[in-house]
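> the sequence and its predicted three-dimensional model are supplied below.
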Amino acid sequence: MTRFTALLLGLFLWPLGAQATGLVASVDRSRLSSGETVELTLESSDVTQFGKPDLSALEPQFEVRGTRQVNQLNTLNGENHATTRWIITLLPRQNGTVVIAPLQLGEFTSEPIELQVMPSQTQDTPDILAPVFIESSLDQDAVYVQAQAILTLRIYHSVSLYDDSSVTPLQIPDARIEPLGESRTYEKVINDLRHGVIELRYGIYPQHSGELTIPAQIFSATLVDAQPAQDATGQGPKSGKLMRVSSSETTLTVKAKPIEYPLDTPWLPARSLSLGESWNPEPDHSQVGDSLTRSLTLKVEGLASSQLPPLPATDVSGLRRYPDQPQLSNQNSDRGLIGSREDREALVPTHSGAIDLPAVEVVWWNTLEDRLERSSLPPRTLNIVNNPSLMVDTPAGNAPVSPSVDAETLWYWKLSTLILACTTLLGFGLWWRARWQPAILRAAQTGPSPRTLLDDLKRASQANDPQATRQALDAWARQQPETLADMAARFVPLSDALDGLNGALYSETGQSWQGEDLWRAIRAIPASERVQAPVGDSSLPPLYPK
């Protein structure tokens, strides 16, 4: 049967990169303030290239602060892959839109990358700054409850620090906290003095409306024992000394959910939302009994994946549904988290004809435009055709008649049905007559005996193998006086056990299916409803005594 195919959701690391053949260029961020540095990374996997890229094209727009080279050798599937990276620290010479020009390495050329350099946000900067200070800022002063606010901490230091620096964990009782990636390091020039910057970003999701207080954060680090910086009074921090600096306390206004938002729908405040659908395989030419995997994907900017609600299930007549576990993922960007949720389900058509799937709608609140939004997928119709391999197992009375069938074809069906009914009645009469005849020795069967088929069924079910159990069950049922469906309709434990077996065949739960319930149900069928193995023709004791 068709198994669920694991969809590989690639998490793209920010910053954005531009790829050229043989040479890939990327930056650690695309938005920065005036006086801050940005790291440009050039990567090549061509081992025939030697030397280093020509950086002369960067001179008009940037000041090259430093360059370092990193060589890596990775082994994948027994094959070695060598890559070379050049990490270049750049300081933009002007504000506004700045373009990193294409760079040349041998016969390869990188693609240009666009940066946005904004004026510095530092206001009323004193002429004399502390050797180490910390700055905190929010991307907005007010947010809706459970919506995202981004807190940015920047630690500036004009002196060298050891690697033992740390920041107190951000803890807010009435809010969820999500770190937005790893910390960033870069440089910024303030008052003609170069400062190292350590930047940390957090996503804050308030759980209650009102005023939310963000506590001060404390940064601690040890100064390096080498010529500590001096302030204007001639007294500077002593080398090897542990320094602690604190940010200011910040207040965030949290707005309640708007009254116009529907009460019976999950609350989804987001910057943007997209809804997608995919099928595997495509259901254009599906047959009865095929397994179709439908995937619904919800992608929301401004919320974590754990905050996204389940998407509507495909509960329609004519389709058996076997849901899979949802796939959750988060992606970091300059504007915070992008949460994704993928709900997958296996759908098995039970009859031919048109099956209408309703539209899928998600209600959410647009925090950028401050209004109610509805995103939806249009309704869809599945045209299911009969499966020739299942026609022998389908009772004639259940086969739907298409309105387009002509009279002649319908007459053939009626004649066939009449002949089948007559032969059925004749066979029933012969069977009824044979019941009152004296017992005679049975002729040796050319095929497997009922006892052998029952043994095969027991072994398969106790081995918890759904595929082998289904095959053994079908073979055993062919030698019974009535169909498997008739027995299940009159015997509830057998019906429940068959539902569990079908669920295992069409979903991932088949790996943990237990066949003991099915075997007990088969053994519990009254003796008059199943063919028994002939007795008296063998001196061996029964293989499975009760």
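Structure's in. What do you need? Residues are numbered from 1 along each chain as shown.
> what distance do you get for residue 414 to residue 386?
19 Å (CB to CB, to the nearest Å). (Glycine included, C-beta is placed from N, CA and C.)
> who has more neighbours, those two?
Neighbour totals were compared for residue 414 and residue 386, and residue 386 leads with 16 against 10 (other CB atoms under 10 Å).
> does that one really touch residue 286, like I thought?
No: with contact defined as CB atoms under 8 Å, residue 386 does not reach residue 286; the gap is 11.0 Å.
> please enumerate the helices of this protein.
407-435, 450-462, 466-477, 484-490, 492-505, 516-523 (DSSP state H).
> list the buried ones in the shortest one?
Think helix 484-490. For helix 484-490, burial by neighbour count (16 or more other CB atoms under 10 Å) applies to 484, 487-488.
> cool, the fifth one as well?
Along helix 492-505, the positions that meet the burial threshold by neighbour count (16+ other CB under 10 Å) are 494, 497-498, 500-501, 503-505.
> and the gap between the residue nearest the centre of the chain and residue 46?
Nearest to the geometric centre of the chain sits residue 327, at 3.0 Å (CA atoms, centre = their mean). Separation of residue 327 from residue 46 (CB to CB) stands at 35 Å.
> return the distance of the closest residue in space to residue 207 that isn't next to it in sequence relative to residue 330.
Excluding its sequence neighbours, the residue lying closest to residue 207 (CB to CB, 6 or more residues apart in numbering) is residue 174, at 5.4 Å. Look at residue 174 and residue 330: by CB to CB, they are 22 Å apart.
> between the two, which is the more surrounded one?
residue 330 (16 against 13).
> the more buried one touches residue 341, doesn't it?
No: counting by CB under 8 Å, residue 330 does not reach residue 341; the two are 10.4 Å apart.
> so what sits against both of those two?
residue 305 (CB atoms under 8 Å, 6 or more residues apart in numbering).
> okay, and the beta partners of the closest residue in space to the residue nearest to the centre of the chain that isn't next to it in sequence?
Spatial nearest neighbour of residue 327, excluding adjacent residues (CB to CB, 6+ apart): residue 342 at 4.2 Å. When assigned by DSSP bridges, residue 342 has beta-bridge partners residue 297, residue 327.
> could you report the neighbour count for residue 342?
Using other CB under 10 Å, residue 342 has 21 other residues around it.
> show me where the stretch 301-450 of the chain has strands.
319-323, 327-333, 336-349, 353-357, 360-366, 371-377, 380-384 (DSSP state E, counting those that start in this stretch).
> tell me which residues of the first one come out buried.
Within strand 319-323, the residues that count as buried by 16+ other CB under 10 Å are 319-320, 322.
> export it to PDB, keeping only CA atoms.
Extracted as PDB, the C-alpha positions of strand 319-323 are listed here (Å, rounded to 0.1, in the frame of the first residue of the first chain):
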ATOM      1  CA  LEU A 319     -13.900   8.700   1.800                       C
ATOM      2  CA  ARG A 320     -12.300   6.800   4.600                       C
ATOM      3  CA  ARG A 321      -9.900   9.100   6.500                       C
ATOM      4  CA  TYR A 322      -6.700   8.100   8.300                       C
ATOM      5  CA  PRO A 323      -5.000  11.200   9.800                       C
END
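> so what strands line up beside it?
strand 336-349 (antiparallel).
> what does the last one give?
For strand 380-384, the pairing partners within the sheet under DSSP bridges are strand 353-357 (antiparallel).
> before we move on, what about the fifth one?
Sheet pairing of strand 360-366 (DSSP bridges) gives strand 269-270 (parallel), strand 371-377 (antiparallel).
> so residue 274 makes contact with residue 299?
Yes: Residue 274 lies in contact with residue 299 (CB under 8 Å); the separation is 4.7 Å.
> more neighbours, the two?
residue 299 (19 against 13).
> right, and the more buried one touches residue 340 too?
Yes: under the criterion of CB under 8 Å, residue 299 makes contact with residue 340 at 4.8 Å.
> got the buried residues for stretch 288-307?
288-305, 307.
> would you mind measuring the gap between the ends of it?
Stretch 288-307 has an end-to-end distance of 37 Å (CA to CA, to the nearest Å).
> and what of stretch 184-201?
Terminal-residue distance, stretch 184-201 (CA to CA): 9 Å.
> got it, and stretch 252-270?
Note: stretch 252-270 ends 18 Å apart using CA to CA.
> do the same with stretch 177-194
32 Å.
> buried ones in that stretch?
Using 16+ other CB under 10 Å as the burial criterion, the residues of stretch 177-194 that qualify are 178, 180, 186-188, 190.
> which stretches of the stretch 351-500 of the chain have low pLDDT?
By pLDDT under 70, the low-scoring segments of the stretch 351-500 of the chain are 391-408, 437-448.
> go again with 80.
389-412, 434-451, 484-485, 488-490 (pLDDT under 80).
> how close does residue 52 get to residue 67?
8 Å.
> oh, that last question was meant for residue 375, not what I typed.
Residue 375 is 46 Å from residue 67, by CB to CB.
> ranges for the strands of the stretch 101-250 of the chain?
104-105, 108-109, 113-118, 132-138, 142-144, 149-157, 166-167, 175-179, 184-190, 193-206, 210-214, 218-222, 242-246, 250-255.
> looking at those, which is buried most?
strand 149-157 (a mean of 21; mean count of other CB atoms under 10 Å).
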